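1. need a 3D model of the following:
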Amino acid sequence: MSFLRAAFLLSGALFAGVAGPLRAQEAEQPDANTSAPTANTEDGVPAGRGRSFDPAYFAQYGPRNALDMVSQIPGFTISNDGGGQRGLGQANQNVLVNGERFSSKSDSIRDQLQRIAASEVVRIDLVDGTTLDIPGLTGQVANVIVAEGGGGSGQFRYRAGFRAHNTQPQLYGGEVSWKARAGALEYTVSLKNDNDRFGADGPITLTDGTGALIETQDTRFSGGFDNPILAANLTYRPSDTVLANLNLRYGRDYYFRDDPEIGFPVIGAVRTRLATVRERGPEYEVGGDVEFPLGPGRLKLIGLERFEKDIFESVVVDGFSDGSASVGSRFTQTNDIGERIGRFEYGWRMFSADWQLAGEAAFNRLDRTSGLFDLATDGEFVAVPFPAGTGGVTEDRYETILSFSKQLTGKLAFQATAGGEYSKIEQTGSAANSRSFQRPKGSASLAWRPAANFDASLKLSRSVGQLSFGNFLASVALNDENQNAGNNALEPSQNWKLEFQANRRFGPWGSVTFELERTWFEDFIDFFPLIAGGEARGNVGDADATVLETNATVKFDPVGWIGAQLDLRAAIIDTSVIDPFTGEARFFSNNTIDFLELDFRHDISQSQWAYGASYFTNRNAFYSRRFEIGRNQEGPGFLDLFVENKDVLGTTVNFTVANILDATQNFERTVFLGDRPDAPIAFSEISRRRIGPIFRLTVSGNF
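-> Now for the predicted structure:
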């Protein structure tokens, strides 16, 4: 990708200092009277906190909440919220509030930042996680310092969307929240709905192994989801040394998708298909923690209970123009998914270093009931045996970790963790099984800050991957005509990961961040062939991945274009695993190979107006299965334009026109008559379906 190479060359030139050493614009500020963690000190020599951004820095953007501010930190990207982490574990999210981790597992970092009014933010410190006394953090971490006290504040955000083709309007998205304090109690109550509508249309072409046409199809799909959630977050601070949090969350999930198509085979009757998917169900989370002094240190106790019920149904029915009887199938699945966690963290200072002993017990469960049905000649669905799709999976897991953090010099900090976990996995149903595992875990990291405009970190870690319990049991994808067998011998993957991050700042010109990540997997999970036929998700052996990513912010104020900036994020991702079907090395199935994201924004000086554009493009790897390979992606690139006014009757109004370049939804696959790679090709399928322009309106404000 020429764009991607250009992005890395530009970032590399900036990083090497082509622009010359510049004095940092963000001045170091004295510590405020907050509970924010600071780097360890020894012999009275403080370690630098990093960069600090006060509210004046963000004023040009007209921020409504803390998320608006964090999103404008040069060269910084909010992490993916630690999705897939086993239990609570150590901190791995790169945003803190007053030095504390977010205590809710289900609420995203972005959701929680949106509930903090910009007027309450004292400053935002950007530090290296290794210098903090919070085990597990490394690389750049944004610590949002929020003022205590004050009256109540409310936030609201309304999102609507419209598409020119195939979809219903998106009308009910957004959130309203209220945050207030009553004595020692601070509370936030919010009601939000994540919703979207999507769809595409266009032809699909099927050809045989020689390229001869088999069938053309007129297709379209449309769907959407709504996820209304009511949440409450309470913080109680009866004294300067005691802190307690309680998080309550209840929501419901609604998802639908309709895929009508008309098939025109070269030989045979015209076929009319209707495929539908429906999913719904409730979810809740109750979690809390309390932290207090005990002996020479502090003890933190954490508890969490999560539950989600998914009621899923998929139906596919084909009718024929020659009057033949319709054929079809129906698949149902009900999942009860639960997680219960208890954790303690005891931290103390000894030998001029910070220590922490942590222990966690986590109990995860899945109860699944599946049904498979065929359409009878009388139009009714008749059940067929499908015992492998019903059963239960539980995992009882216990973990202990000892952590050590020390500021070695005024410019160098070190952190190490060591421990392990024991887990027992039990499965019920037609493939009942029970197994147990003992796995080591730990990490070591260094943070180096030789100058105010440069810092770097290096981390080596050993971790255990999270399992998807659904892979233990069989399931069916009707519209793709695929079936996944269950695997009662599935084991968690393990990996060694080496992470390097370097940050170079150029004062008023912006900053550049480079990240290099190398991971070595054991017991990697992917599809593999079953001896008795079919395929399942299972452990396929060793694998490795290398990620090179850059994140740069270029500001144009120094050349007189006040308020204009360009944010660039790009990555190249090289993965390798031996395909269990062919014995050859390939990319991870469906994994991103590379991406480029450009965001330009101009806040017009001395006005409330802003405008900008964003561009995104990426490439995905093919997926690999026993009888087929394929790839699903959108592109080649998305270009969006927006205009924004930060004071429309006291609100911020943003209007965006997306997909200016008319990117399409693209799918291709090749299906074989038997085992790959030697079996002849049954058919190849190619589709390029129109998405069309997308119009979005966002209105946000405070009350």
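2. quick one: residues contacting residue 427.
-> Residue 427 is in contact with 391-393, 433-434, 472, 488, counting by CB atoms under 8 Å, 6 or more residues apart in numbering. All C-beta atoms are positioned from the backbone trio N, CA, C, and that covers glycine.
3. now render these as CSV, adding neighbour count, distance to residue 463 and pLDDT.
-> Shown next, in CSV, are those (neighbours: other CB atoms under 10 Å; distance: CB to CB, whole Å; pLDDT from 0 to 100):
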residue, neighbour count, distance to residue 463, pLDDT
391, 22, 28, 95
392, 18, 26, 96
393, 25, 21, 96
433, 15, 25, 93
434, 11, 24, 95
472, 25, 21, 93
488, 20, 24, 91
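4. for residue 107, give me the pLDDT.
-> The model reports residue 107 with a pLDDT of 78.
5. can you check residue 47 too?
-> The predicted structure lists residue 47 with a pLDDT of 39.
6. nearest spatial neighbour of residue 76, skipping sequence neighbours?
-> Taking CB to CB, 6 or more residues apart in numbering as the measure, residue 76 lies nearest to residue 140, with 5.8 Å between them; neighbours along the chain are not counted.
7. and the one you found, what are its bridge partners?
-> Bridge pairing for residue 140 (DSSP bridges) gives the partners residue 128.
8. can you show me the strands along the stretch 351-500 of the chain?
-> Counting by DSSP state E, counting those that start in this stretch, the stretch 351-500 of the chain forms strands over residues 353-375, 381-384, 391-407, 412-429, 433-451, 454-464, 475-477, 482-484, 494-505, given from the N-terminal end onward.
9. angle of the last one against strand 454-464?
-> Between the direction of strand 494-505 and that of strand 454-464, the angle (axes from the mean of the first three to the mean of the last three CA atoms, to 10 degrees) works out to 170 degrees.
10. show the pLDDT at the residue lying closest to residue 601 once chain neighbours are set aside.
-> Nearest-residue entry for residue 601: residue 612, 3.9 Å, with adjacent residues in sequence omitted and distances by CB to CB, 6+ apart. At residue 612 the predicted local distance difference test score is 98.
11. could you do residue 37 as well?
-> The score at residue 37 is 34. That number is its pLDDT.
12. what's the answer for residue 354, then?
-> Residue 354 is assigned a pLDDT of 94 by the prediction.
13. from residue 294, how far off is it?
-> Applying CB to CB, to the nearest Å, one obtains 16 Å for the distance of residue 354 from residue 294.
14. the more surrounded of those two?
-> Residue environment comparison for residue 354 versus residue 294 gives the larger neighbour count to residue 354, 23 against 11, counting by other CB atoms under 10 Å.
15. ok, that one touching residue 133?
-> Yes: shown here, residue 354 and residue 133 form a contact pair, counting by CB atoms under 8 Å, at 4.1 Å.
16. could I get the full set of strands for the stretch 551-700 of the chain?
-> Counting by DSSP E, counting those that start in this stretch, the stretch 551-700 of the chain forms strands over residues 564-578, 585-586, 592-603, 609-620, 623-624, 628-635, 638-648, 651-658, 664-672, 681-690, 694-702, given from the N-terminal end onward.
17. nearest to residue 481, out of these?
-> In this view, the strands of the stretch 551-700 of the chain are compared for proximity to residue 481 by CB to CB, and strand 664-672 is the closest at 8.5 Å.
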